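**Student:** got a predicted model here, sequence first, then my questions.
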Amino acid sequence: MSSSVVAPRVEASRLRSLQALGILCGFAAGAWLGAAEAPTKLVTVGVSPLVISLIMVVGVFLARWSVPALIRGTSHILADVRQAPHLIVWAVLAGCLWAVANTMTIFAIRDIGLSIAFPLWNTNSLLGIFWGFLLFNELHQAGWVRWLGVLGGALAMFAGATLLAVASSNQGPAVHAMRGISAALSAGILWGTMYIPYRKAYLTGMNPLSFIAFFTIGELGMMTTLAVSYTGGPSILWRELVGTKNVLFWLMLGGFIWVIGDLFQQYAAKYVGISRGVPLSNTNQLWGLVWGILVFGELHGLSSSTYAYVIGGSVMMAIGAGAIALSSASEKEHGRWQEAAQREGRRYGIDASYVQAGLEGRQGVEGKHVRTWFDWLLVIVATGIFVVFAALGRAPQMALNWHAVVGLVLAMLLLLSVCGIALWRTTRFN
């Protein structure tokens, strides 16, 4: 069992660097998570929502094992698991929650559109704040200014979500609008609860690259079960997959893009907590709005009042998320985080030095770990599968603004480069 001795506080300069890194990761997560939902617009060309979600999860599965193998090697993952084996169960549970929530988002997008569904399911920020405070000592001894920023931001996000719900009711038949709203809000609830395993993992020292590898086992298992059950059996599901083979690559690519965004979100949750990291990564709502309006032409031809509701609601939610994210943790509050980390360490018998290293963004497992032939095999196999599906794929017959696509992709790559370099320099991806 780990010692009950109080661990040393993280140095103030180190704490500031980690919090700045967490904020940057949150912004990068928003860009990539926002782009990842764009392929789900394929529901408008007749592809089943369950097929879309399943194939996205296949892309997620390939990326969640190949990317960590490329960056750190699977030996690092195994070393983390030896330190905290209980987190495998939590990771699989989180993956199951994600799979159900992601399926709900597909139905939401079909019924109310991408630009409106995004902000509604991003009410998961409110649950992130609640769980962070209740279970992990976030916002404890934060001071009234930081509390005001978090609560004021939460109220702004709620007001923005309300405006968007009103706007969605003007898009089409009420029955479809309400069904879409319900699906989006349900996804938000599931995703908000999913962040509990995230925080348990990172308080006890596990590296995000290790956690996401096991996370995807729950994702793929749950999503396969849902797809088989709701399509009527394996043979019917197979026929649907064969019938849509020309667009499967784009859905797998969406899953891969989502993994990049989620990885940044994981680092944001690790270094600024779920009460701040989740709202910050939920800036993906603005990216979703931009993709929906500029690339896919959503809301075209609707009334000016609908535009006002959508844009005004999105801006209010973004302002609220910014206020929450910028209310960074003080040294006193971070001390309470460390108390929660020590409690988790004692509960599961994790070495205190491993827990402390995780809090400081340093290597928590001793020894040299190198990439093996197995790591390169994972990368080659995953790449090969993407290449095969790309060869089978065809561009969907949809009207797209390709100038907007190019501009958004360049912005995403810029954020990827800046944030990736910052993670390497500050933590070596720890």
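**Tutor:** On my side now, so go ahead.

**Student:** show me where the stretch 201-350 of the chain has its helices.
**Tutor:** 208-231, 234-243, 248-272, 274-281, 284-290, 304-325, 331-348 (DSSP state H, counting those that start in this stretch).

**Student:** got those as CSV, with mean pLDDT columns?
**Tutor:** Formatted as CSV, these follow (pLDDT from 0 to 100):
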stretch, mean pLDDT
helix 208-231, 87
helix 234-243, 87
helix 248-272, 91
helix 274-281, 86
helix 284-290, 79
helix 304-325, 80
helix 331-348, 88
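
**Student:** ranking those by burial, who's on top?
**Tutor:** The highest average neighbour count among the helices of the stretch 201-350 of the chain, using mean count of other CB atoms under 10 Å, belongs to helix 274-281 at a mean of 31. C-betas here are computed from N, CA, C, even on glycine.

**Student:** tilt between that helix and helix 304-325?
**Tutor:** 140 degrees (axes from the mean of the first three to the mean of the last three CA atoms, to 10 degrees).

**Student:** pull up the gap between A352 and L148, please.
**Tutor:** Noted for A352: a distance of 35 Å to L148, by CB to CB, to the nearest Å.

**Student:** and S417, by the same measure?
**Tutor:** Distance, S417 to L148, using CB to CB: 35 Å.

**Student:** circling back to that earlier point, let me have the helices of the stretch 201-350 of the chain in a markdown table, extended by distance to G30.
**Tutor:** Conversion of those to a markdown table gives the following (distance: least, CB to CB, whole Å):
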| stretch | distance to G30 |
| --- | --- |
| helix 208-231 | 17 |
| helix 234-243 | 31 |
| helix 248-272 | 8 |
| helix 274-281 | 5 |
| helix 284-290 | 4 |
| helix 304-325 | 9 |
| helix 331-348 | 23 |
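
**Student:** could you find the closest non-adjacent residue to L127?
**Tutor:** G192 (2.6 Å; CB to CB, 6 or more residues apart in numbering).

**Student:** and for N246?
**Tutor:** R394 (4.1 Å).

**Student:** now swap in G322 and tell me
**Tutor:** G153 (7.2 Å).

**Student:** what of E344?
**Tutor:** Nearest non-adjacent residue to E344, counting by CB to CB, 6+ apart: T204, 4.7 Å away.

**Student:** distance check, the one you found against D351.
**Tutor:** The gap separating T204 from D351 is 10 Å, by CB to CB.

**Student:** how close does G188 sit to F386?
**Tutor:** 30 Å.

**Student:** the more surrounded of the two?
**Tutor:** Neighbour comparison, G188 and F386: the larger count goes to G188, with 25 against 19 (by other CB atoms under 10 Å).

**Student:** other residues contacting stretch 234-246?
**Tutor:** By CB atoms under 8 Å, 6 or more residues apart in numbering, the residues outside stretch 234-246 that reach it are 47-48, 51, 54-55, 227-228, 231, 248, 392-394, 396.

**Student:** in JSON lines: these, plus distance to V10.
**Tutor:** Below are the contacts of stretch 234-246 laid out as JSON lines (distance: CB to CB, whole Å):
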{"residue": "V47", "distance to V10": "48"}
{"residue": "S48", "distance to V10": "48"}
{"residue": "V51", "distance to V10": "46"}
{"residue": "L54", "distance to V10": "42"}
{"residue": "I55", "distance to V10": "42"}
{"residue": "A227", "distance to V10": "44"}
{"residue": "V228", "distance to V10": "47"}
{"residue": "T231", "distance to V10": "50"}
{"residue": "L248", "distance to V10": "45"}
{"residue": "L392", "distance to V10": "50"}
{"residue": "G393", "distance to V10": "47"}
{"residue": "R394", "distance to V10": "52"}
{"residue": "P396", "distance to V10": "49"}
